[in-house]
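**Q** one predicted model, sequence on top.
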Amino acid sequence: MWKKRIWVIASIVIVCLLIPYSLPIVFALLTALALEGIVQKLHQSFKMKRVYAVLTTFILYVVSLILIGFFIVRTIVTQVVALSKIAPSFVKEIYETAIYPTIIKWKYYSNALPTEVISSIERTLEKTVNSLDSLLKSTVEIIISFAATVPGFLLEFLIYLVALVFISLELPAIKNKIKSFLTEETKYKLQVVITQLIQAGVGFIKAQIILSVMTFVMAYIGLWLLDVPYTALLSLLIVIVDILPILGTGSVLVPWGIFALTQGHDSLAIGLFILFGVITVVRRVVEPKVFSTNMGISPLAALVSLYIGFKLLGFVGLFLGPALVILYDALRKVGIIQINFKL
């Protein structure tokens, strides 16, 4: 018995070690499991052979990815092209309203300042310029590095798509092979746990999409009311930044509001601050409910797991916190974890 357990533990460890080097295969497996319901529906309802059901589902999935990607790229390109047309006049306006008046004031006040103060200010300005130069170089390096990863990403994406087809075709055989090593009781427990985890994973993605769409709509309406140009592009930027680790909507709206305030656009600045407050409050209120509804846990459990997970592990904790709650609930339902005590 103990040899069997050692073998199982060793197999799990090996699989965990191999996962970072086989992410396209892992994502293909997860996608195949998520799409299996559609494949089964086509197979049973329309009496399709499995190979045709898999190919139909695969084509629908790829077409959906292409349409979503096309919409995002088209929106970005359209807005960037429009933005590039007014960039020169925008830079000129900043120079005339902010930079040039500052230079004039500096020339006026510098005559009355001690030499030491002037030298200190000039050194500070020099450091600031050097920092901006370093930031620009770093940005260029990041863009170049990103461009260099595109061929590798395309290759991995191709492997992902091919693996998705093969795994979908062989999924029943894979399931039967795994089941042959398990007892009936273990099969039932494993089925319950996997089903709940898959439902929770799909629910998490749905919740994230709902929150992103909600943020986009609020940002779009707010920027449209403020008569800000390139509303769609800026709203999409706010959504992307909101999803990224550490950052949030405030990373775009707050600096923008401060800059507008320094330029004398008080109404725009106040509007941006109000928009930031509305998006933040609405998300914080709705987020636990959305996660709980789609992931199958109570709003309180969702709120606590999100908060504690974020505090302990940062951005990763937003995923791991609810995942641990769901895993615990699944293991408790099948009797693997039993807590029976009274005080």
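**A** Right, received. Where do you want to start?
**Q** with adjacent residues omitted, what lies nearest to the residue most central in space within the chain?
**A** Residue closest to the average C-alpha location in the chain (Cα atoms, centre = their mean): residue 243, at 4.2 Å. If the residues on either side of it in the chain are set aside, residue 243 comes closest to residue 212, at 6.7 Å by Cβ to Cβ, 6 or more residues apart in numbering. In short, each C-beta sits where N, CA and C put it, glycine included.
**Q** residues in contact with the one you found?
**A** 239, 242-243 (Cβ atoms under 8 Å, 6 or more residues apart in numbering).
**Q** among those residues, which are in helices?
**A** 239, 242-243 (DSSP state H).
**Q** which among those residues gets closest to residue 145?
**A** For the ones in helices among the contacts of residue 212, the minimum distance to residue 145 (Cβ to Cβ) is 20.6 Å, reached by residue 243.
**Q** now the closest one: how far from residue 258?
**A** Distance of residue 243 to residue 258, given as Cβ to Cβ, to the nearest Å: 23 Å.
**Q** now residue 120, what's its secondary structure?
**A** helix (DSSP: H, G, I helix; E, B strand; the rest coil).
**Q** which helix or strand lies directly C-terminal to the helix or strand where residue 159 lies?
**A** Here residue 159 is covered by helix 115-179, with elements defined by DSSP states H and E. Reading on from helix 115-179 to the C-terminus, the next helix or strand found by DSSP H and E is helix 184-225.
**Q** just the angle for the helix holding residue 159 relative to helix 184-225, thanks.
**A** Put simply, helix 115-179 runs at 140 degrees to helix 184-225, going by axes from the mean of the first three to the mean of the last three Cα atoms, to 10 degrees.
**Q** now for helix 115-179, which elements pack on it?
**A** Where contact means 3 or more Cβ pairs under 8 Å, 6 or more residues apart in numbering; DSSP states H and E, helix 115-179 is packed against helix 23-45, helix 50-94.
**Q** how far does the longest one sit from the chain's center?
**A** What separates the centre of helix 50-94 from the centre of its chain is 17 Å, taken as Cα atoms, centre = their mean, to the nearest Å.
**Q** which neighbouring elements make contact with it?
**A** By 3+ Cβ pairs under 8 Å, 6+ apart, helix 50-94 packs against helix 23-45, helix 115-179, helix 231-243.
**Q** what's the most buried one of those?
**A** Comparing the helices and strands packed on helix 50-94 by mean neighbour count (mean count of other Cβ atoms under 10 Å), helix 231-243 comes out on top with a mean of 19.
**Q** pull the residues that contact stretch 272-280.
**A** 215, 218-219, 222-223, 226, 238, 248-250, 253-254, 256-257, 260.
**Q** next, the buried residues of it.
**A** 272-273, 275-276, 279 (16 or more other Cβ atoms under 10 Å).
**Q** okay, now the domains of the chain?
**A** 23-86+106-172, 183-335 (automatic domain parsing).
**Q** mind checking the SS state of the residue nearest to residue 218 when sequence neighbours are not counted?
**A** Among residues not flanking residue 218 along the chain, residue 279 sits closest, at 5.2 Å (Cβ to Cβ, 6+ apart). Put simply, residue 279 is helix when judged by three-state DSSP.
**Q** just the pLDDT for residue 279.
**A** We have a pLDDT of 90 for residue 279.
**Q** kindly report the same for residue 55.
**A** At residue 55, the model reports a pLDDT of 93.
**Q** which ones are touching it?
**A** Shown in contact with residue 55 (Cβ under 8 Å, 6+ apart): residue 165.
**Q** can you pull the contacts of the residue nearest to residue 24 when sequence neighbours are not counted?
**A** Once flanking residues are discounted, residue 24 sits nearest to residue 160: 4.1 Å by Cβ to Cβ, 6+ apart. By Cβ under 8 Å, 6+ apart, residue 160 lies in contact with 24-25, 27-28, 31.
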